[in-house]
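# starting from these lines, generate the structure:
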Amino acid sequence: MMTAAAPTLLQQIVDLLYASFHRPTRIALEIPTAVRKGQVMSNYELKNDQVRTVTIKTTNGVGVTEPYPPGDVFSAVSSNPQSLSATIGADASGNPAVVIAALVAASPNITVTVTDSAGLSQAVQIVDIVPDVTPTNIVLDLADSTFVSQPVPTAPGP
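Here you go, the predicted model:
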């Protein structure tokens, strides 16, 4: 037999389950994934001549992005602040972001930890500062060039 309190109790259970899956529980960073030879690299490589702004997201227990808790304040810490700066800023859309910048030419395994005032599970990212080896100019390799013979031109020079 169903009583008048049953739908209210059922609704409370549904609300509780909904809230447990639709509230943020952890901080997540939008770091691009690097793949080398089919292996996902665990460390993020920051080129020594770049500043990276990484959007901060919050996710629920199953990894779905959820809104930030009201009034949440983020903070970022570098394990080696002499080599890598880590501060809280904003991305191009005005969302909270961690801003990382190299302070040295190269340094491996620096940990960036992002926490918040709401007590969500922190985000931890390992960063390697690497030299920027992106090609920036064109050069001719005269030492390894090849040639073939041709008849001497008949046109006079300048």
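# hey, what's T58 bridged with?
T58 has the following beta-bridge partners by DSSP bridges: I27, E66.
# show me the contacts for it.
The contact partners of T58, by Cβ atoms under 8 Å, 6 or more residues apart in numbering, come to 24-28, 65-69, 72, 116, 120. Just so you know, the C-beta spots here come from the backbone N, C-alpha and C atoms, and that holds for glycine as well.
# cool, T65 as well?
Taking Cβ under 8 Å, 6+ apart as the definition, contacts of T65 comprise 28, 57-59.
# can you select the buried ones from those in PyMOL?
To isolate the buried ones among these in PyMOL, judged by 16 or more other Cβ atoms under 10 Å, type:
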select buried, resi 28+57+58+59
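# Throw the contacts of T65 into JSON lines and include pLDDT and distance to G94, thanks.
What follows is the contacts of T65, written out as JSON lines (pLDDT from 0 to 100; distance: Cβ to Cβ, whole Å):
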{"residue": "A28", "pLDDT": "81", "distance to G94": "18"}
{"residue": "K57", "pLDDT": "92", "distance to G94": "14"}
{"residue": "T58", "pLDDT": "91", "distance to G94": "16"}
{"residue": "T59", "pLDDT": "89", "distance to G94": "20"}
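# put together a markdown table for the contacts of T65, with distance to I100 on each row.
Putting the contacts of T65 into a markdown table (distance: Cβ to Cβ, whole Å) gives the following:
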| residue | distance to I100 |
| --- | --- |
| A28 | 16 |
| K57 | 16 |
| T58 | 19 |
| T59 | 21 |
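# closest to D128 among the contacts of T65?
A28 (20.3 Å; Cβ to Cβ).
# I figured that closest one hits T59, correct?
Yes: A28 lies in contact with T59 (Cβ atoms under 8 Å); the separation is 4.9 Å.
# can you show me the helices along this protein?
With DSSP state H as the criterion, the chain has helices at 5-21.
# which of the helices and strands in it ranks last by mean pLDDT?
Lowest mean confidence among the helices and strands of the chain (mean pLDDT, DSSP states H and E): helix 5-21, at a mean of 64.
# how far away is the spatially most central residue of the chain from I126?
Residue closest to the average C-alpha location in the chain (Cα atoms, centre = their mean): I31, at 2.0 Å. Per Cβ to Cβ, to the nearest Å, I31 is found 10 Å from I126.
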